[in-house]
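J.: take a look and give me a structure for this.
(one chain, ligands or ions: 1)
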Amino acid sequence: MSKKVRVRFAPSPTGGLHLGGVRTVLYNYLFAKKHGGDFILRIEDTDQTRYVAGAEEYIFNCLQWTGLIPDESPAHAGKYGPYRQSERKPIYRQYAEQLVKDGHAYYAFDTPEELEKMRSDFKTEHNPSPQYDHTVRKKMRNSLSLTDAETKQLLDAGTRYVIRIKMPENETVSFTDMIRGEVSFDTSVVDDKVLLKADGMPTYHLAVVVDDYLMKITHAFRGEEWLPSAPVHVLLWKYLFGLNEMPQWAHLPLILGPNGKLSKRDGAKYGFPVFAMSWIDPKTNELTEGFKEKGFLPEAFINLLALLGWNDGTEQEIFTKEELIEKFSMDRVHSGGAKFDYEKAKWFNHEWIKKSEAGSLKSEVRSLFSTNGINVDDDNLLEKVIGLVKDRCTLLTDFVQQGSFFFQQPQQYDLDAIKPKWNDAKRKFFESFTEELNTIPEWKSAFIEDAFKKLAAIQNIKPGELQLPLRIMLVGGKFGPPVFEIAEILGAGETSARMNKTLSLL
Ligand code: GLU
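T.: As a prediction, this is how the structure comes out:
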């Protein structure tokens, strides 16, 4: 029987969640659901210097918003907890000690000053930033260069130390990446990474291997930036648990912005979101707007992320989450970087708004209205308005402009659009039309249009010339759905009041 699929998203809670991070969540989630497996959220918070208050809660909120809910997490523990690495601290030391005992790792007592000295002593033109590796380790203060007695003495005296992996010289380490196929590394060029820090916390390298093992992870998907660390992880697997136990790796392609790797700075520069949800840096109070607050639907967000690096081999671009679960496969993820295009992202959102039932958008739109000072009590009216204007909204925030005039009189009337062609005949037309409104047999757009056109014919004015003024009177500007449908929703009283108001301004 094959093992139950178990995948994990393992963020470090250091700030806003970049869209690349959400794509990693999504690919994990889709893979787990497709294979009837478990999706785990593990918080990798061993680097206390990078700890940021609120970042973990923010990650939870992002997962909640996107609907990519983990089966196991710090908030919903399964049987492999704790799910926060800082709470697992006592677990890691024994593995680091085991590696020392087996000759795959060593104690290093070097002080920051000694490390600094090594970097300057060994610096050459060809090697501008020397690493702690097999070429220098024997010249440093560690259990490989010292005698056993000296090492014991330092340990007994409580000298601060780290445990480093002893990278083998001239070995080739390889593994099969689910996206890239066979990948090989020469171990000689990899440094002796720290596995256990002086404060007893593991580094990412040790913790990721130990936790993936203990949590029975079968597939590990992470960003391409981790590929250079893969040889360290493969060796740790080999030394500690055996390569048969190692999860299958997939290193996901970078997401590219206008100039190389997409960064938060690109977002600020080009005016698009990079984080899933708005993030306020607690140190600087700087706000970075997220896709949610910008007006994206979570369905559109995950749809566009799915296609940043994957397609199903057809031209199809709009996918529901269920379709993605059915169609997703790692072997269709490209290895090359995926270019993020904000215009295309908005296209996805527009398609999703058009496709959504008006009723399902009500609560979002209602709260957007209320932030803009419009309180909507009439639920049916709200749904009707959403149905009427949604095709015109690319972002949810567009509903404010496209829909608020149904609930309050326009703040401004674009009279400049009417004035150049305004004349007495037109004024007369609108005055008579206002009076005639109560004779319209039924307050429905077709009847209103009919009465409007008949009166125009009687007064010998082309109805086309009257429609723009009517629109500006009802809406305030040159936008919105068909004007007689607007009048129908506004009702006869409000339609007449708005016409009269504009007439008094002209
Ligand atoms: N903690 C790592 C990060 O935040 C996770 C990498 C992994 O998934 O193994 O980037």
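
J.: mind listing the strands for the stretch 201-350 of the chain?
T.: 219-223, 248-252, 255-257, 260-261, 279-280, 287-288, 338-339 (DSSP state E, counting those that start in this stretch).

J.: weakest of the ones you listed in terms of mean pLDDT?
T.: The weakest mean pLDDT among the strands of the stretch 201-350 of the chain belongs to strand 260-261, with a mean of 90.

J.: contacts for that strand next, please.
T.: With contacts defined as C-beta atoms under 8 Å, 6 or more residues apart in numbering, strand 260-261 is touched by 254-255, 337. C-beta: built from backbone N, CA, C; applies to glycine.

J.: repeat that with 10 Å
T.: Residues outside strand 260-261 that contact it (C-beta atoms under 10 Å, 6 or more residues apart in numbering) are 20, 224-225, 254-255, 266, 337.

J.: does any part of that strand sit near the ligand?
T.: No - residues of strand 260-261 contacting the ligand under C-beta under 6 Å from any ligand atom: none, with a closest distance of 13.9 Å.

J.: which residue would be the closest one in the stretch 351-500 of the chain to the ligand?
T.: The minimum distance from the stretch 351-500 of the chain to the ligand, using C-beta to the nearest ligand atom, falls at residue 352 (28.5 Å).

J.: what element comes up after the strand or helix carrying residue 96 heading to the C-terminus?
T.: If you go by DSSP states H and E, residue 96 is part of helix 89-101. Counting by DSSP H and E, the next helix or strand C-terminal to helix 89-101 is strand 105-108.

J.: next, the buried residues of the next helix or strand after that following strand.
T.: Using DSSP H and E, the helix or strand that directly follows strand 105-108 along the chain is helix 112-121. Across helix 112-121, burial judged by 16 or more other C-beta atoms under 10 Å covers residue 118.

J.: contact partners of helix 112-121?
T.: 108, 110-111, 128-132, 136-137, 139-141.

J.: any chance of the strands of the stretch 201-350 of the chain in CSV, with distance to residue 347 and mean neighbour count too?
T.: Supplementary listing: the strands of the stretch 201-350 of the chain in CSV, determined by distance: least, C-beta to C-beta, whole Å; neighbours: other C-beta atoms under 10 Å:
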stretch, distance to residue 347, mean neighbour count
strand 219-223, 25, 21
strand 248-252, 23, 22
strand 255-257, 17, 21
strand 260-261, 23, 12
strand 279-280, 25, 18
strand 287-288, 23, 14
strand 338-339, 14, 17
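
J.: what does the stretch 101-250 of the chain put close to the ligand?
T.: Residues of the stretch 101-250 of the chain lying near the ligand (C-beta under 6 Å from any ligand atom): 204, 208, 222, 226.

J.: where helices are concerned, which of those residues count?
T.: Using DSSP state H, the subset of these located in helices is 204, 208.

J.: number of residues surrounding the residue of the stretch 51-200 of the chain found nearest the ligand?
T.: In the stretch 51-200 of the chain, no residue comes nearer to the ligand than residue 85, which is 8.8 Å away by C-beta to the nearest ligand atom. Residue 85 has 24 neighbours, counted by other C-beta atoms under 10 Å.

J.: correct me, but it touches residue 51?
T.: No - using C-beta atoms under 10 Å, residue 85 makes no contact with residue 51, being 11.5 Å away.
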